[in-house]
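Visitor: Take this sequence and fold it.
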Amino acid sequence: LAAAGLFAGGPCPAAEFLANDVSDIARWTSQAQPGDLITLRDGEWPDVDIRFKAFGTDASPIILRAQTPGRVLLTGNSRLRIAGRHLVVDGLVFTNGFISSGDVIAFQDTSTFMATNCRVTSCAIVDYNPPADTDDTKWISLYGLSNRVDNCYLKGKRNLGSTLVVWVESGPDTPNYHRIDHNYFGPRPSLGGNGGETLRIGTSDVSMNPSRTLVEHNYFEQCNGDVEIVSVKAGENILRHNTFMESEGGLCLRHGNGSVVEGNYFLGRGLPRTGGVRISGEDHRVVNNYFADLTGTAARAPLVIMQGLVNSPLH
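Guide: I've put the predicted structure just below:
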């Protein structure tokens, strides 16, 4: 009866493919169907450029995962690009290497082929820095629509460039609805200037456009790269239930309107330059946040409301 049902058009069981090298990944992703698993063998993968391009479904995503979580080590000049729909990347670690430009993980393959409803979960990027701190790299870049980064471990970024960036479209009504949740953002030393944000949403030139990104239940520890630990440069985001521990700077609504900052904890423990929330723009709601033992002043104070400029240019 099972065989008869199968040949009559019943659902086929998902397939699992074991990848031993990057050519296997390319081969299996080109063949993968919704619900299939592509498993990377344990061990070190030096200098691999993984392009995970496929099309799953909401009920049956295609999964690229470590054979054993935490034991697939992407080293050297490795990077990952995700493009398509309903894809999941699970359990990979980037360490003992660096890229000199671009993104370690990008939710796009090209500017016209991006990710939609894709997810990076339980992955890590640790001390993945080029020799020159002036080289601009991003560890994770969110493009596309309705993507998610969760339960990841991001620690030790030293060079120029935000740890995680949400890229907002230039169109006036093109929100991206990304979700960033339950991640650990570990120590990041002071860069000594601009460009060392841990999390940035948008850019000044598109800041009047909505992003509608949800940032919740993340832990920021000793994130000292920039006075703006979180820099919001787009509209209508929700940032809630995050904890900022011993971090120099604050959560900054830098450009854009209509965001909500709710239920976050800012714990300075008396350390220098620890701050809270800085507000620019209009129609924000900053409610039910907890500020303790913060010592920052001026732009790093526990609560800063900027007076603003009429018709301020978007830069």
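
Visitor: start to end distance for stretch 201-215?
Guide: Length of stretch 201-215, first residue to last, C-alpha to C-alpha, to the nearest Å: 10 Å.

Visitor: mean confidence for it?
Guide: Average pLDDT, stretch 201-215: 96.

Visitor: Please list the outside residues in contact with it.
Guide: By C-beta atoms under 8 Å, 6 or more residues apart in numbering, the residues outside stretch 201-215 that reach it are 165-181, 199, 230-240, 242, 254-258, 314-315. From N, CA and C alone the C-beta is placed, and that goes for glycine too.

Visitor: And it, what's buried?
Guide: Within stretch 201-215, the residues that count as buried by 16 or more other C-beta atoms under 10 Å are 201-204, 206-215.

Visitor: returning to what we had before: in ChimeraX, select just the buried ones from the contacts of stretch 201-215.
Guide: Applying 16+ other C-beta under 10 Å to the contacts of stretch 201-215 leaves a buried subset, and the ChimeraX line that selects it is:
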select :165,166,167,168,169,175,176,178,179,180,181,199,230,231,232,233,234,235,236,237,238,239,240,242,254,255,256,257,258
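
Visitor: Restricted to strands, list the contacts of stretch 201-215.
Guide: Among those, the members found in strands (DSSP state E) are 165-166, 179-181, 199, 230-233, 238-240, 254-255.

Visitor: ok, those residues vs Glu248, which is closest?
Guide: When those are ranked by distance to Glu248 (C-beta to C-beta), Val230 comes first, at 12.9 Å.

Visitor: in the sheet, who's paired with that closest one?
Guide: On the basis of DSSP bridges, Val230 takes part in beta bridges with Leu199, Leu251.

Visitor: close enough to count as contact, it and Glu197?
Guide: Yes - assessed by C-beta atoms under 8 Å, Val230 is found in contact with Glu197 at 7.1 Å.

Visitor: picking that back up, right, and the pair among the buried residues of stretch 201-215 with maximum separation?
Guide: Longest span within the buried residues of stretch 201-215, C-beta to C-beta: Ser204 and Leu214, 21.8 Å.

Visitor: Tell me how far Gly250 lies from Ile279.
Guide: According to C-beta to C-beta, to the nearest Å, Gly250 stands 10 Å off from Ile279.

Visitor: more neighbours, those two?
Guide: Set Gly250 next to Ile279 and count neighbours by other C-beta atoms under 10 Å: Gly250 wins out with 28 against 19.

Visitor: Which secondary structure state does the residue lying closest to that one once chain neighbours are set aside sit in?
Guide: In space, and not counting its chain neighbours, Gly250 is closest to Gly275: 3.6 Å by C-beta to C-beta, 6 or more residues apart in numbering. State at Gly275, reduced to three classes by DSSP: H, G, I helix; E, B strand; the rest coil: strand.

Visitor: I'm done for today, thanks for sticking with me.
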